[in-house]
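**Student:** Quick one: sequence plus predicted model below, questions after.
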Amino acid sequence: MSQFQLYLAILASGLCAAALGLTLLSGAEPTLLLHGFLVLGALSLLRLWLHPGLWLDSALAVLGAVAVLASFQLYPGPPAFLWLALVATWLWSWVFVERLSDLTAPSLGQNGGLGLLIPLTFGLAILVTWEAITRGAGVPQVILPPPSQIGSRIAASLPTLWTDFQQTFLKAVLAGYAIGCGVGFLVAILIDRSPFLKSGLLPLGSFVSALPIVGVAPIMVMWFGFDWQSKAAVVVIMTFFPMLVNTIAGLNAASAIERDLMRTYAASYWQTLLKLRLPAAAPFIFNALKICSTLALIGAIVAEFFGSPVAGMGFRISAEIGRMNVDMVWAEIAMAALAGSVFYGVVALVERGITFWHPSMRRA
Amino acid sequence: MGRLQQALPVLAVLLMLVLAWYGAAIAMNAAWQNDVNRRAGIETVPATDFVLATWNQEKPVLPTPHQVLGELWNSTALVAPNKPRSLLFHAWVTFSATGLGFVMGSLLGIGLAIAIVHSEATSRSLMPWIVASQTIPILALAPLIVVIGFNIFTGSLGLPTDPARLLSKAIISAYLSFFPVTVGMVKGLRSPEAIQLDLMRTYHASRAQTFWKLRWPAAVPFLFASLKVGVAASLVGAIVGELPTGAVAGLGARLLAGSYYSQTVQIWAALVAASILAALLILIVGWVEALVARRMGVRAP
C-alpha cells in the first residue's frame, strides 16, 4: 500500500472509531449490522501491523453501504454517527479502487473483469451516497428523488416508457439516422469526384457542424407536422454534415503510393473506391457514425420540446416536469441514457468487427 | 491570389445554395399563393408577379434570404438594443448564459483532466463514466436542470429571478462543454513524450514544476482545439435551456415564440442570429488562441 492509501484507510478507521464513540456517548442503539460495521472498521486499524488484502477493504465498503442504507430507513433525522459511517464507507471504496488500480494497472487488456470493477465501484458509491443523502437529509422529492424511487417508478411505468421509446427511438431516431448518414455518405462519394465542389463544400460543412442546428426543429415541425416525421427530419439535418465531412476526409486517407499501386493494376475508379479508398475511409466513417448516434437522440428529443403527439421521450420529459413528477423525468432520462449507450455500443461493436485491422484497435 | 482561389469554390457553392433557396421558396409557397389568388377571384397571374408574390409573403412556408436579412436588419439596427423586440437583446441574453457556462465547463474540464492525469485510480474510475455521460442525450436533462435549478436558486438561495435563470442555463452549457475540454486536456497533458518526462526527472523537478513547465505548455494547443468544440456546444446548451422555462428572453425563447405564432421569418432570423453568434464565439476563441500562441513564442505557421 502506498502512503496515500494508508492515510485514507487510517482516516476511515478513525471515523468508524469516532462514530462508535458517539453511539456510546449518546446512548443510541444502532442496528446490529451498523454496530458490526463500526467495530470492524475501527478494528481494521490493525492494518498497521497486519497486511490485509484489498478484498477486505471492498468487504468493508459493501458492509458499510448495506448497514448505512438500512439504518437511514430507521432514523428520520439521522444522527452524526451515521453520516460518519457514510463517509467511512466512501473512503473504503476509494481505498479499494486505488489498490485495485495499482494491481491491474500494468496490463490493461488481460484482466478486463477486474478492470471493470473500478468504474463500477465508483458508480455504486455515487448511487449509495445519492440514496443516503436524499433520504437522510430529507431532500424534497421534487428536487432530487432517491434512486430507489426512480427504480420503482421505472418498474411501475414500463408500458409508458416503451411507447415513448417506440415513438422517439424506433421511429424518429432510427429513420433519421439511417437517412441522414446514408445521404451524407452518398453525397460525399459524389462530391469527391469534383475537386471544385469539394473545396467549396468542405469549409461550409465544417462551419455548419458548429452551428446550433437543433434550432431548425420548429421549422421542421411546421413543415412535416407534429408526428415523428418532423423529428426524423431534424435528425437527418443534424447527422448529414458530420457524416459528409468525415467521409470526405476519410476518402482522402488512402496514401498516394497505395493509389499508384491501384493504377499500376489498371484498377477502375469503382475498383479503387471499393477495394482501397472505402476500407481506408472506414475508421473516419465509423467515427462519424458514433458522433451521429448521440446527435440523433439529442435531435429527436429536443425536437419534441417544440410540439409532438402525446408520446415520446422529449414530450414526456417536458410534460412531466411541468407537473413536477420529477421521478418520471428521471425514469425517462435513465431510459434515454440506456438507449443512447446501447446505440453507441452497437455502432462501436460493428466498428470493431469491420475495422479490426486499424492500429487504434490493437491491444497494447 | 491564393486567398481568392480558396474563396471562389465556397462562393460558388453559396451562390448555388441561394439560387436553390429562391427556387424552393417558389415551390413551397406556391400552394398558399394559389389559395390567396383563388379567394381574390384572380384567374390568371403573370408568371413574374406570381414568383415575386411567393417571395414576399407575410407568413411563408419558406422565407427567402432577403426577407430573413430584412427581418434581421429591422430587429437589430432599427430597434434600440435594450428593447425586447431587438434581436441584439436576445442574443446578449443567450451570449451571457453561453459565456458563463463555457467558463464554468472549461474550468471543470481542465480540473478533471488534471486529476485524471495525476491519479491512475481517478482516471480509471472517472473516465468510463465521462465517456458514458456523452453517449446519453444530455440535453434531455435540460428542462429538469432549468426548472429545478431555477426553483432552488430563487427558493432556498434567495437569488432574484434573472441571475437564477442565467445560472440554471449556464449549468446546462457547462455540462455540455466540459466533456470536449476534459478529453482534449487529458490527451494534451499526456502528450509530452517519455523522454521529456525523463528529462524533467533528471532535473529533479517536482510534480508541480513538471506540470507548469512541461505538461501545461504542451497541452495548450489541445486546449484551444477543444475549447472551440466546447463553445459551440455551450451555445446549443444555452439555446435549448431557453426552451422549457417559458423564458421570454434569449434566442431559444425567440425560436419557441416564433413557432407558437407561426412567425416563420422570425424563426429564421433567430436561427441566422444564432449562427452568427456561433461563428463569433469561435472567432473569439481563435483570436485568444493566436494571442496566447504569440505570447508563448509560437511562430505563425
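**Tutor:** It's in.
**Student:** Give me the residues contacting stretch B:196-204.
**Tutor:** B:Q209, B:T210, B:K213, B:L214 (CB atoms under 8 Å, 6 or more residues apart in numbering or on different chains). Any C-beta I mention is one placed from the backbone N, CA and C, and that applies to glycine too.
**Student:** Below-threshold pLDDT in the chain: ranges please.
**Tutor:** No chain was given, so I picked chain A. A:1, A:73-77, A:104-113, A:115, A:360-364 (pLDDT under 70).
**Student:** You answered for a different chain; I wanted chain B.
**Tutor:** B:1-2, B:135-136, B:244-247, B:298-301.
**Student:** longest helix anywhere in it?
**Tutor:** helix B:2-40 (DSSP state H).
**Student:** which bits of the stretch 1-150 of chain B sit near chain A?
**Tutor:** Neighbours of chain A within the stretch 1-150 of chain B, by CB under 8 Å from any CB of the partner chain: B:6, B:9-14, B:61, B:120-121, B:124-129, B:132, B:134-144, B:147-148.
**Student:** returning to that earlier point: what comes into contact with the very next helix or strand once past the longest helix of chain B?
**Tutor:** Under the assignment DSSP states H and E, the closest C-terminal helix or strand after helix B:2-40 is helix B:47-55. The set of residues external to helix B:47-55 that reach it, using CB under 8 Å, 6+ apart, is B:22, B:25-26, B:29-30, B:33, B:36-37, B:45, B:60, B:64, B:66-67.
**Student:** in what helix or strand does the residue nearest to the spatial centre of chain B lie?
**Tutor:** Central residue of chain B (CA atoms, centre = their mean): B:L235, 2.9 Å from the mean position. B:L235 belongs to helix B:216-241 when assigned by DSSP H and E.
**Student:** Output the contacting helices and strands for that helix.
**Tutor:** When contacts are defined as 3 or more CB pairs under 8 Å, 6 or more residues apart in numbering or on different chains; DSSP states H and E, helix B:216-241 sits against helix B:87-118, helix B:142-155, helix B:161-189, helix B:251-260, helix B:264-295.
**Student:** In JSON lines, list the ones you listed along with distance to B:W55 and mean neighbour count.
**Tutor:** Below are the helices and strands packed on helix B:216-241 laid out as JSON lines (distance: least, CB to CB, whole Å; neighbours: other CB atoms under 10 Å in any protein chain shown):
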{"stretch": "helix B:87-118", "distance to B:W55": "22", "mean neighbour count": "21"}
{"stretch": "helix B:142-155", "distance to B:W55": "36", "mean neighbour count": "20"}
{"stretch": "helix B:161-189", "distance to B:W55": "37", "mean neighbour count": "23"}
{"stretch": "helix B:251-260", "distance to B:W55": "20", "mean neighbour count": "23"}
{"stretch": "helix B:264-295", "distance to B:W55": "12", "mean neighbour count": "18"}
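**Student:** Enumerate the residues of the stretch 151-300 of chain A near chain B.
**Tutor:** A:196-201, A:203-204, A:207, A:210-212, A:214-219, A:221-223, A:293-294, A:297-298.
**Student:** Now, of those, which are buried?
**Tutor:** A:197-201, A:204, A:207, A:210-212, A:214-219, A:221-222, A:293-294, A:297-298 (16 or more other CB atoms under 10 Å in any protein chain shown).
**Student:** Filter those residues down to just the ones in strands.
**Tutor:** Secondary structure assignment by DSSP state E places none of these in strands.
**Student:** can you tell me the residue of the stretch 201-301 of chain B closest to chain A?
**Tutor:** Closest residue of the stretch 201-301 of chain B to chain A, CB to the nearest CB: B:S259 (3.3 Å).
**Student:** mind listing what that residue touches?
**Tutor:** A:P218, A:V221, A:M222, A:F306, A:G307, B:I267.
**Student:** Show me which pair in those residues is furthest apart.
**Tutor:** Comparing all pairs in those by CB to CB, the longest separation belongs to A:G307 and B:I267, at 13.0 Å.
**Student:** and the longest helix along chain A, what does it pack onto?
**Tutor:** The longest helix of chain A (DSSP H) is helix A:326-354. Helix A:326-354 is packed against helix A:147-156, helix A:158-165, helix A:278-304, helix A:313-322, helix B:120-135, helix B:142-155, with contacts defined by 3+ CB pairs under 8 Å, 6+ apart.
**Student:** Could you say which helix or strand holds the closest residue in space to A:L54 that isn't next to it in sequence?
**Tutor:** Of all residues not flanking A:L54 in the chain, A:R99 sits nearest, at 4.0 Å (CB to CB, 6 or more residues apart in numbering or on different chains). Per DSSP H and E: A:R99 is located in helix A:80-104.
**Student:** What are the buried residues along that helix?
**Tutor:** Neighbour counts over helix A:80-104 (16+ other CB under 10 Å) mark A:81-101, A:104 as buried.
**Student:** Checking A:P30 next. Helix, strand or coil?
**Tutor:** Following DSSP: H, G, I helix; E, B strand; the rest coil, A:P30 is assigned to coil.
**Student:** Skip the chain neighbours and tell me the closest residue to it.
**Tutor:** A:T23 (5.4 Å).
**Student:** just B:L256 next, same as before
**Tutor:** B:L243 (5.6 Å).
**Student:** Just give the number of residues close to B:V10.
**Tutor:** Residues lying near B:V10 (other CB atoms under 10 Å in any protein chain shown) number 16.
**Student:** who's in contact with it?
**Tutor:** A:S199, A:G200, A:P203, A:L204.
**Student:** returning to what we had before: was I right about the residue nearest to the centre of chain B contacting B:A278?
**Tutor:** Yes. Look at B:L235 against B:A278 with CB atoms under 8 Å: they come within range, at 5.3 Å.
**Student:** tell me, what's touching the two both at once?
**Tutor:** Here B:L235 and B:A278 have A:P212 as joint contacts, going by CB under 8 Å, 6+ apart.
**Student:** Thank you, goodbye.
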